[in-house]
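# here is a sequence with its predicted model. Questions after.
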Amino acid sequence: MTGRLANAMLSNWQVSGILTARSGRPVNVIAGQDRSLSGIQNQRVNQVLENPYGDKKTPEHWLNPAAFAQPALGTLGSFRRNSLRAPGYWSIDLAISRLIAFGATRKAGVAVTEWEVLAPKPVPLVTAGAHRPEPCGK
């Protein structure tokens with residue numbers, strides 16, 4: 001490639017990016033059934049361990065299921081609303097663009113955009129209850 005051709009091909013490029021960082025959203029753990037026998041919906045569970053988070057910080061193990069238990073029938077759970085947080089989320093979006101001149105007054109733009117170049121898999125926000133089967137016959 002000659003110097004003039006290389007200069008024409010490799011000059012006037014622009015790189016831009018967007019960094020997005022979000023804190024985790026509130027998470028509620030609900031019983032999934034009317035434990036208080038009151039008709040109230042989205043009743044919360046009892047938190048039985050001090051640390052409700054899982055030992056692995058992955059979407060599948062974000063919360064420790066053993067940290068929650070169903071409240072006794074006729075009672076409401078002790079779990080505080082919005083007291084837990086889902087994992088935060090971040091992503092980097094990149095764009096590479098170049099203006100190409102055609103004569104003195106005409107220009108055309110070329111752009112390549114890539115979204116979420118570096119981003120972890122987001123954690124789905126699913127409300128799940130502490131569903132543990134109770135023994136029959138009690």
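Structure's in. What do you need?
# tell me the contacts of the closest residue to Arg85 other than its chain neighbours?
The spatially closest residue to Arg85, leaving aside those adjacent along the chain, is Gly24, at 3.7 Å (Cβ to Cβ, 6 or more residues apart in numbering). Yep, even glycine has a C-beta here, placed from its N, CA and C like the rest. Residues near Gly24 by Cβ atoms under 8 Å, 6 or more residues apart in numbering: Arg85, Ala86, Pro87, Gly88, Tyr89.
# secondary structure element holding Gly24?
Here Gly24 is covered by no helix or strand, with elements defined by DSSP states H and E.
# hmm, back to that, nearest to Gln41 among the contacts of Gly24?
Proximity of the contacts of Gly24 to Gln41 (Cβ to Cβ) peaks at Ala86, which lies at 21.3 Å.
# my guess is that closest one contacts Ser23, does it?
No. Applying Cβ atoms under 8 Å as the test, Ala86 and Ser23 come out as separate, 9.2 Å apart.
# picking up where we left off before, just the ones of the contacts of Gly24 in strands?
Arg85, Tyr89 (DSSP state E).
# mind putting the contacts of Gly24 in CSV, distance to Gln33 and neighbour count included?
Listed next are these as CSV, based on distance: Cβ to Cβ, whole Å; neighbours: other Cβ atoms under 10 Å:
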residue, distance to Gln33, neighbour count
Arg85, 25, 13
Ala86, 23, 19
Pro87, 27, 17
Gly88, 31, 13
Tyr89, 31, 16
